[in-house]
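> Sequence first, predicted coordinates after that:
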Amino acid sequence: MTKGQRVLAISCGIEAATGLLLLVAPAVVAKLLLGSDIEGAAIVVGNIAGVALISLAIACWPRVEVKGDGSYLAMLVYNALVGLLLAEIGATGAISGILMWPAVVIHLILAVLIALASVGHRRRAAHGA
């Protein structure tokens, strides 16, 4: 691993850890980072930001693989986790807007389509196409 890749890996690790913390305890992150309390919809937005940071870390992690592979994985993780997170929130009934369930369906369908596209991408790369 080059020096630049190490720096990139450290940055990705920090962002992934922050994302995981936002996913698990967004109120703690808000309190530590901003000195403020959050509740309700702000917690959900914090969770979604956490998923986005984890996806960014996956996409940017230094690797020697099929070109574009990290993008597929990052978007797969993002869409699957946001879809599941919104489904869980919608199922509890605590917070729900008119676009909650359409967003769940769209994110989960995109996750499946991206997974299928990734498999096709890997097959084409393996066969040199």
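Perfect, I can see it now.
> Quick one: low-confidence residue ranges for the chain.
Regions of the chain meeting the criterion pLDDT under 70 cover residues 64-69, 129.
> buried stuff in the host helix or strand of residue 101?
Using DSSP states H and E, residue 101 maps to helix 100-126. Within helix 100-126, the residues scored as buried using 16 or more other C-beta atoms under 10 Å are 100, 103-104, 107-108, 110-111, 114-115, 118, 121. Glycine gets a C-beta too; all of them are placed from N, C-alpha and C.
> ok, residue 5 - contacts?
Contact partners of residue 5, counting by C-beta atoms under 8 Å, 6 or more residues apart in numbering, are residue 62.
> Could you measure from it over to residue 14?
According to C-beta to C-beta, to the nearest Å, residue 5 stands 15 Å off from residue 14.
> same question, residue 90
Residue 90 is 31 Å from residue 14, by C-beta to C-beta.
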